[in-house]
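Q: my questions are about this predicted structure, shown below with the sequence.
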Amino acid sequence: MPRPKKSRRGRGNRNSSSQVAIPAVNTDDGAGRTDLLERSDMQNAKFEEYYRRQAIISAGETQGEGQNEWSAFMETLREPLPTTFRIAGTRQTAQVLSDTITKTYVPQLAEVVFEDALVVPPVQLSWYPNGLAWQLNVPKKVLRKSPEFKRFHSFLVFETEVGNISRQEAVSMLPPLFLDVKPHHKVLDMCAAPGSKTAQLLEALHVTDDVPEGIVVANDSDYKRTHLLIHQSARLPSPCFLVTNVDASIFPALRLPDSDPDAMGGLDEKTNENTKRKKARQVSGGRQVRFDRILCDVPCSGDGTIRKNVGIWKYWNPMDGNGLHGLQVRILQRAMRMLHPDGRIVYSTCSLNPIENEAVVAEALRTIPGEDSTFSRMHVRALNPSIFLLVIRCGPVDFEIVDVSEMLPSLVRRPGLTKWIPSVDRDLKFCETYDECIRSLPANRRADTRLGRSHWPPSDVQGLNLERCMRIYPHLQDTGGFFVAVLQRKSSSTKSPREGKRVADEASDEPEIKRARLAGDEDLSTAEVVETEPAVEGGEPMDEEDDRTTEPSTPRLDAVPAPDAPPNTTNSNKTKTKTKGKQSGDGGFKENPYTFIAPNDPIVQGCIRQLSLTPAFPASNVLVRNPAGDPARSLYLTNDLVHAVLQCNDYKRMRLMTAGTKIFTKHEGGFGRGRAAPSESAPASMDVTPAPAPEAKDTPFRLLSEGLPAVLPYIREDAILEASVADLKVLVESYYPLVSAFEDPFAGIISATPTGSHVARFKEGSLEGASLTHDLVLPIWKSTASVSLMIDKKAKSALSLRVFGVDLTVAGLEAAQQSALKKPRQPEVESGAVTPSTALDAVQESEEGATASVIEAMEEIEASDQPPM
């Protein structure tokens, strides 16, 4: 497997375009595909010899119990990997879904016989908290042909689409659990795409119903994969969320406003607002963001995924891990420099190779300076005046590997290694020491080797407690292979990084850039070669438009842009100036900035009045995505910490992709504004009634379903409309039922309600066998004569299946009818309702079917974290 390109760092390296599901070799003619690899072909002598030499399985080279375990390990690698998924832990429906699986689906699936064999039903992962993770180990043909499993698969597809269930490999769920995130934490996910672990971090941050004080910054170096990350996070919207697109090894130091109240001294009320903002940005550089939790799920060779990525059997070689070692070290070092005292880092890979695991942790612990460290700088002018050597003489180590053996007690794990021996070439030539490796090379090739001392165990390896690292082997609990190390910065390390010598400050605050190899560098084991100006990777503009106007507009005087927001000018092609420095600095980054708008903006105040929001609503945290600060289409919301980060940091330097959550959007349907009387049904492709759009200035904004959790705490209790399960059924069965279709008391309530966006609470209760086990709060739109439930079609279908046991929606019924025309042999359907099993057939052959296919492909990426091939 070739090493990943340098321009594609971070988690994004793990998935090439040929690796969406079971990977195929990247060839033009399609030859060499590995998705049909026979069990007899799952052999790789180098793989076995290499890992026997590393003794990753105790006594792996001896007879007896150790030999039996090695055989079990190898045999498990040749077995297909079970499907695993988890229920979103912070969702109100989490317990409902868990009970549905436990009490409804498991009993139904426990008696399934397929091809004269009893099929194993889903089982809970014993180590996952609250039993919210499940494992399903059945062949795909069973899912396709067994009616019972088709019904269960339909349930999973719908709930996954609306964000209540996430398909994710079992071992991939571990790092966020060991990170132990709390609602007040500042969290950084350095290599976040495709986003399965990021979703877990957001769930942990939102463990209560209150808006958290903390923040999750999700970063990935691959521009295209950040969009997958954004799509995944949209299913768990949060005002505490940022997505960035930078190289994790040079992640920029983020700043917060100076807490000193005198920092803005000298500015009075007459001072120009622009001057105040400029001054605020200048003083904000005094305080760097120190993260409480950092996840380093770094790019790796990925041989722990061999059960899923069977192409590894053919193309594995030991140099893959050797080549990634340096990048992995730099990412972990950068994380350690950004960590708050008492903070925690989780370093993880889906690799079995100690060169990518224990060797990386050991090198990071050895090289990151302690409190008493000294720094010296030496320019290497013979090579390049802009490159210098940073020589670190380390004092007491600030970091330690945490013993987490008591966490997740049901998880079977093995201790980290303290001995390993690298292979110095593809033919498994082993050298016991780095010096032996150098001596074995011709003199003219010694400076070119990519191996360093850090590939070998350090002399003080016993004092690093590497045995506290965790190794997860496939044969232990029927999973993939994985490595996890939990590092913590000691609480005694309280010295501010800005104290002391300036050179020390620069070394600890700013990211180090990729190392340049020098002749004789093998003798400078404590030296790092650092380039003074980081080269920022380029990016492409977004494909989709987000709050972008087709014509330039005049910047709003009351808008507060993020630092260095580009001016909105006309005739840009005619007024080009030579700004090569800026162009090279932003690396071609062309995303629009987020701009905070004034709390007294008419649009914001209109939304506040419409929904009866309390004065506690953080109107100052409402922002739009355009440089002019014009609420053209959508309004977003952040918490205070995200607001501070956006105000104090250049969005281009961060390469900011998204921030906060969308809460309001311009309603284009024209409800209640000169439209004809609504009908009782509509084509399945239509979400709202077609009507002439009103003038832009009169178009109301409405509350989005994804923004409801962020806004709900601020809605006055008496402004929430009370409704019943029967009312919910009416809204599910039609796109926009007439007001007369409802029964009292809701009919009277909704008749007296003005047109516009509102929120309804459907009280728990039962109706004709259907049961709503908890109160459900959803956005609705009231027009002159009708009401509409403002959630998308797939969410509505999932809700119908969950509450009523059948898909009662217009889209579901029409899809079922289309399926019935193609497949006359359908299970009986009572009263025109579509059952979950027929819903699945319909989904697979309609618009939802295309979406489900995309979801499953995306979930394969989500579950895989595949290596580059």
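A: Yep, that arrived. Numbers count the residues shown, from 1 in each chain.

Q: surely Leu207 touches Pro183?
A: Small correction: residue 207 is Val, not Leu. Yes - counting by Cβ atoms under 8 Å, a contact exists between Val207 and Pro183, whose distance comes to 6.1 Å. C-beta: built from backbone N, CA, C; applies to glycine.

Q: show me where pLDDT drops low in the stretch 751-869 of the chain?
A: Applying pLDDT under 70 to the predicted model, the residue ranges of the stretch 751-869 of the chain that meet it are 822-869.

Q: go with 50
A: Low-confidence segments of the stretch 751-869 of the chain, defined by pLDDT under 50: 826-869.

Q: repeat for the stretch 1-150 of the chain
A: Along the stretch 1-150 of the chain, the parts satisfying pLDDT under 50 run over 1-34, 59-63.

Q: one more: the stretch 151-300 of the chain?
A: Using pLDDT under 50, the stretch 151-300 of the chain drops low at 260-271, 273, 276, 280-281, 283-284.

Q: kindly report the same for the stretch 601-750 of the chain.
A: Regions of the stretch 601-750 of the chain meeting the criterion pLDDT under 50 cover residues 670-698.

Q: mind running it again at 80?
A: Judged against pLDDT under 80, the low-scoring parts of the stretch 601-750 of the chain cover residues 632, 668-700.

Q: quick one, strands of it?
A: Chain-ordered strands for the stretch 601-750 of the chain, with DSSP state E, counting those that start in this stretch as the definition, fall at 622-624, 634-637, 656-659, 661-666, 701-703, 721-723.

Q: again with the stretch 201-350 of the chain
A: Remark: strands of the stretch 201-350 of the chain, listed N- to C-terminal, are 215-219, 241-244, 255-256, 287-288, 291-297, 339-349; assignment by DSSP E, counting those that start in this stretch.

Q: for Tyr636, which of those strands is the nearest?
A: Using Cβ to Cβ as the criterion, the shortest distance between Tyr636 and the strands of the stretch 201-350 of the chain is 10.5 Å, found for strand 241-244.

Q: restricting to C-alpha, output that closest one in CSV.
A: Coordinates of each C-alpha in strand 241-244 appear next as CSV, following Å, rounded to 0.1, in the frame of the first residue of the first chain:
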residue,chain,number,x,y,z
PHE,A,241,-19.6,22.9,17.2
LEU,A,242,-16.9,24.1,14.8
VAL,A,243,-15.4,22.3,11.7
THR,A,244,-11.9,23.3,10.5
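
Q: relative to Ala199, which of the strands of the stretch 201-350 of the chain is closest?
A: Among those, the nearest to Ala199 by Cβ to Cβ is strand 215-219 (9.6 Å).

Q: so what touches the closest one?
A: Contacts of strand 215-219 from elsewhere in the structure, counted by Cβ atoms under 8 Å, 6 or more residues apart in numbering, are 10, 186-192, 195, 198, 201-202, 205, 229, 233, 238, 240-246, 248, 251, 254, 291, 639, 641-642, 645.

Q: what pairs with that strand, and is each one parallel or antiparallel?
A: Based on DSSP bridges, the pairing partners of strand 215-219 within the sheet are strand 186-189 (parallel), strand 241-244 (parallel).
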